[in-house]
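K.L.:
Got a predicted structure plus its sequence, pasted below:
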Amino acid sequence: MQTKPAACGKRLLALVLAIVMVCSLLPVSAFAAEPDYELRVLTFEDADYKGGTNFAGGNNWTSLIDSPQYGGKMLYGESGAGVDSVDAAYKWTDKNNTWLSNTLSEGYGSWCYWSGGHAVSNYVSGEIMRIFEILPQVRRLREAAYRL
């Protein structure tokens, strides 16, 4: 059997915990009550392009797809070993929509796709094993660039 002070202490603690719980829910429910954001989606579909003239001089996402996509001049530069400045590096921006953007990363003094970054592509494959057909070509390009 509990003494009166112990029972009173438990009740007081339960009351304090209940008040804390109610008070902590108020700010959360205030934020959830009004959605004050706009959901935007980046599709990379030409019909959704809103960016004006892009890095490649085009006015759509398709113009940012390098040809060939592995070893092409937009992603790997004229020499195949990248470009020598960030201004000449491949880049894209989803202007007037999500404002997401990317510029290829610098690696060993040059900017090219294998240094890191995201490029617009039209590669489509439901078969993940096709990546092993492409990897040897990418490795050969990288090895050639390191020899320069």
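P.N.:
Done, it's in.

K.L.:
Which parts of the chain are strands?
P.N.:
Applying DSSP state E to the chain gives strands spanning 91-93, 101-103, 106-107, 110-111.

K.L.:
need those strands in CSV with mean pLDDT and distance to I65, can you?
P.N.:
Quick note: C-beta positions are derived from backbone N, CA and C, even for glycine. Conversion of the strands of the chain to CSV gives the following (pLDDT from 0 to 100; distance: least, Cβ to Cβ, whole Å):
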stretch, mean pLDDT, distance to I65
strand 91-93, 94, 11
strand 101-103, 94, 14
strand 106-107, 93, 22
strand 110-111, 94, 18
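
K.L.:
Low-confidence stretches in this protein?
P.N.:
Residue ranges of the chain with pLDDT under 70: 1-9, 13, 17, 21-35, 124-132, 146, 148.

K.L.:
Please identify the deepest-packed of the strands of the chain.
P.N.:
Scoring those by mean neighbour count under mean count of other Cβ atoms under 10 Å gives strand 110-111 as the most buried, with a mean of 23.

K.L.:
Run the chain-centre distance for that one.
P.N.:
Relative to its parent chain, strand 110-111 has a centroid offset of 20 Å by Cα atoms, centre = their mean, to the nearest Å.
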